[in-house]
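# Below are the sequence and a predicted model for it; my questions follow.
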Protein chains: 2
Amino acid sequence: MQTAGDGVIYAQEDPAQSVYQVISGAVRTLSHTDDGRRIIHGFHLPGEIFGLEREKLHLCSAEAVCDARLVRCGRARLQALADEDLRAAEAMWWWLLLSRDRTAERLHFLTRANAIDKVADFLIDIAQRTGSDGRIELPMSRYDIADYLGLSPETVSRAFSALRDKGLIACRGRTVVILEAGFRRIPARTRGAARQAEADRSLRPSPLAPLAVAQPQ
Amino acid sequence: MQTAGDGVIYAQEDPAQSVYQVISGAVRTLSHTDDGRRIIHGFHLPGEIFGLEREKLHLCSAEAVCDARLVRCGRARLQALADEDLRAAEAMWWWLLLSRDRTAERLHFLTRANAIDKVADFLIDIAQRTGSDGRIELPMSRYDIADYLGLSPETVSRAFSALRDKGLIACRGRTVVILEAGFRRIPARTRGAARQAEADRSLRPSPLAPLAVAQPQ
DNA sequence: CGGGGATTTGATGCGCCTCAAGCTCCGTGG
DNA sequence: CCACGGAGCTTGAGGCGCATCAAATCCCCG
């Protein structure tokens, strides 16, 4: 399926019938606080999966950040896959645990780090997930990043400026180049996180044929 | 098995061979940032399960908060349970999804809420999990709470005082009584969280015989 | 060339961390 | 039985970081 920028893929409270994988473009999952502020749960880049729910309804909405192509996989089909192929079931299990661990890791980081480190970490994360060696073209706005990191857009912008002034990145609008290799390890991450990230990158081959190379969250 | 207060159940990087369920007392899972500060991932109360890992090693340590009794369940046994009983496998799957959702919910809350709301939410959470109708005996210190909520111990203490001054709680040391019913819904939670909490409380019966009524995280 | 959203920059205030004392409670030894 | 000590907790003062309000600038696109 195909979705234009800002298009709604599913809304919060919609029946959760499918799981999705991004083919191209980018997707954000989001919800709103009671006082109306937006929370972005995560961004989903090509190859990554989203939409798996515990209950019958989606807990958050999903929107295309920019024009995006997706593959949809029905719940029943996923269930069938897991039932008939033990390795597929194992892969899903493992993928879900990874998703949980990443969320926990993000929690600790966002709770402790300052604004500059958050933005730096975000850029490194995007670079790694896109397989980039430093140059990245951000699909999302500063507002999106702010709502994802729990900062104000102004603070995000100031963090970009600070990183540029320090010579750690070069950027113009949404084009960013990560300059400093040393910059690639952020303080305040929990011990062992580096080792874990290493393990994550060498993703085990997955038997989830149409949904291969699952990058959770 | 039995463990005294502050006793180590397993250490970070230990081989992850078992899953545990708390029978009595309380357990904390924790790790340390590179600069030495302590991060408490979660508290585990009677009936709750912890220790399930994606990899061969534990990502964080587990310690008894106070004297505690635990049940240990080996990985192989868990695997066998899942293989032979489809309903058990489903329950584990569901439990893991719940764990993920709770972590995500906590992430958004801790990123947005102020110190008083964090502490208030923490107290309500503990009260709900212990099945208390208001009176709770905290097993953990203010320092533990601080490291769990990402606050300083002083700020946690001030939050307790502020809640007391507002007439929302009564407390003396680690004994707390939640006074205001209206206080039981905290702002800044994401929409639908109330409905979700409702669903969580009516926990579906689990076929995990020795590890029944699984409360994740 | 004009318009409007996205981004940047500036000024100000509040909230939490840090450093620093007191205070409470409880166990221990005199 | 009471003085002592120490850990846990509370309270106070000051400073830094981020949110907020405000305004200027960039840049894309018609």
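Happy to help now that I have it.
# When you work out contacts or count neighbours from here on, use the C-alpha atoms and nothing else.
Fine.
# What pLDDT does the model give the closest residue to residue A:94 other than its chain neighbours?
Leaving aside its sequence neighbours, residue A:94 sits nearest to residue B:54 (CA to CA, 6 or more residues apart in numbering or on different chains; 6.2 Å). pLDDT recorded at residue B:54 is 84.
# wait, isn't residue B:54 in contact with residue A:98?
Yes: with contact defined as CA atoms under 8 Å, residue B:54 counts as touching residue A:98 (6.7 Å).
# Could you measure from residue A:101 over to residue A:108?
11 Å (CA to CA, to the nearest Å).
# Same question for residue A:50.
Residue A:50 is 22 Å from residue A:108, by CA to CA.
# ok, now residue A:17?
Residue A:17 is 31 Å from residue A:108, by CA to CA.
# okay, these two: which has more neighbours?
Neighbours were counted for residue A:17 and for residue A:108 using other CA atoms under 10 Å in any protein chain shown; residue A:108 has more, 23 against 16.
# For residue B:54 and residue A:98, indicate the residue with more neighbours.
Neighbour totals were compared for residue B:54 and residue A:98, and residue A:98 leads with 21 against 18 (other CA under 10 Å).
# On the three-state scheme, the more buried one is what?
Secondary structure for residue A:98, judged by DSSP: H, G, I helix; E, B strand; the rest coil, is helix.
# Please apply the same query to residue A:39.
Once three-state DSSP is applied, residue A:39 turns out strand.
# Contact partners for it?
Applying CA atoms under 8 Å, 6 or more residues apart in numbering or on different chains, we find residue A:39 in contact with A:30-33, A:147-148, A:150, B:108.
# In which helix or strand does the residue nearest to residue A:94 reside?
Taking DSSP states H and E as the definition, one finds residue B:54 inside no helix or strand.
# In chain A, mark out all the strands, start to finish.
For chain A, the strands defined by DSSP state E occupy A:2-3, A:8-10, A:18-24, A:27-32, A:38-44, A:49-50, A:61-64, A:68-74, A:135-137, A:169-172, A:175-178.
# Quick one: closest of those to residue B:124.
Ranking the strands of chain A by proximity to residue B:124 (CA to CA) places strand A:27-32 first, at 21.8 Å.
# That closest one vs chain B: in contact?
Yes: Strand A:27-32 reaches chain B (CA under 8 Å from any CA of the partner chain) through A:31-32.
# quick one: that strand to chain centroid distance?
The chain centroid and the centroid of strand A:27-32 are separated by 11 Å under CA atoms, centre = their mean, to the nearest Å.
# Paired strands for that strand, with orientation please.
strand A:38-44 (antiparallel), strand A:61-64 (antiparallel) (DSSP bridges).
# Now do the longest one, average pLDDT.
Per-residue confidence for strand A:38-44 averages out to 95 on the pLDDT scale.
# Now find how far off-centre it is within its chain.
Using CA atoms, centre = their mean, the offset of strand A:38-44 from its chain centre is 8 Å.
# for stretch A:104-112, same thing?
For stretch A:104-112, the distance to the chain centre is 14 Å (CA atoms, centre = their mean).
# Next: stretch A:169-176.
Stretch A:169-176 has its C-alpha centroid displaced from the chain centroid by 20 Å (CA atoms, centre = their mean).
# Could I get the strands of chain A in JSON lines, plus columns for distance to residue A:123?
Converted to JSON lines, the strands of chain A look like this (distance: least, CA to CA, whole Å):
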{"stretch": "strand A:2-3", "distance to residue A:123": "25"}
{"stretch": "strand A:8-10", "distance to residue A:123": "25"}
{"stretch": "strand A:18-24", "distance to residue A:123": "19"}
{"stretch": "strand A:27-32", "distance to residue A:123": "16"}
{"stretch": "strand A:38-44", "distance to residue A:123": "12"}
{"stretch": "strand A:49-50", "distance to residue A:123": "20"}
{"stretch": "strand A:61-64", "distance to residue A:123": "20"}
{"stretch": "strand A:68-74", "distance to residue A:123": "21"}
{"stretch": "strand A:135-137", "distance to residue A:123": "8"}
{"stretch": "strand A:169-172", "distance to residue A:123": "10"}
{"stretch": "strand A:175-178", "distance to residue A:123": "8"}
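# Brilliant, that's me finished.
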